[in-house]
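*Asks:* Just need the structure, nothing else, for what follows:
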Amino acid sequence: MRWIDIGPASDIPKLGARIVRGPKGDIAVFRTADDEIFALDDRCPHKGGPLSQGIVHDHHVTCPLHNFVISLSDGEARAPDKGCTRAYQVRVVNGLISLALPETVAAK
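*Replies:* Have a look, this model is predicted:
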């Protein structure tokens, strides 16, 4: 894994998201009401909808296209829906967010 710094957590509004441009596509970084930070590929597993534009609630995001509910912690769709989008490890140190990218997709 390679950790990249992406900025302060305060740049993401509570119950909101920001986009990080990754080498293999956009990554949505979410902030929950309780100030936890999560990161997922910005693609719903159903039809590729932009999860960053969805509604964040609890530790889930609802896709804006077809209302799939996706867990922010692991990218899994909540039943009865099925599918998964990639989740990324994040850490917050002194208010700054770092994102873990696998070496195979990390920017060179």
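*Asks:* Going by C-alpha atoms from here, please, whenever you check contacts or count neighbours.
*Replies:* Noted.
*Asks:* so Leu15 sits right up against Val56, yeah?
*Replies:* Yes. The criterion here is C-alpha atoms under 8 Å, and Leu15 meets it with Val56 at 5.1 Å.
*Asks:* okay, and the common contacts of these two?
*Replies:* Phe30, Thr32 (C-alpha atoms under 8 Å, 6 or more residues apart in numbering).
*Asks:* With neighbour numbers in mind, choose between these two.
*Replies:* Val56 (24 against 20; other C-alpha atoms under 10 Å).
*Asks:* helix or strand for the more buried one, which one?
*Replies:* Remark: Val56 resides in strand 55-57, with elements defined by DSSP states H and E.
*Asks:* And His46, by the same measure?
*Replies:* Secondary structure (DSSP H and E) places His46 outside all helices and strands.
*Asks:* Tell me who's in contact with it.
*Replies:* The neighbourhood of His46, defined by C-alpha under 8 Å, 6+ apart, consists of Phe68, Lys82, Gly83.
*Asks:* Kindly recompute the last result at 7 Å.
*Replies:* Gly83 (C-alpha atoms under 7 Å, 6 or more residues apart in numbering).
*Asks:* now swap in the one 10 residues further on and tell me
*Replies:* Listed by C-alpha under 7 Å, 6+ apart, the contact partners of Val56 are Leu15, Gly16, Thr32, Thr62.
*Asks:* Could you check the pLDDT of it?
*Replies:* Looking at Val56, its pLDDT stands at 98.
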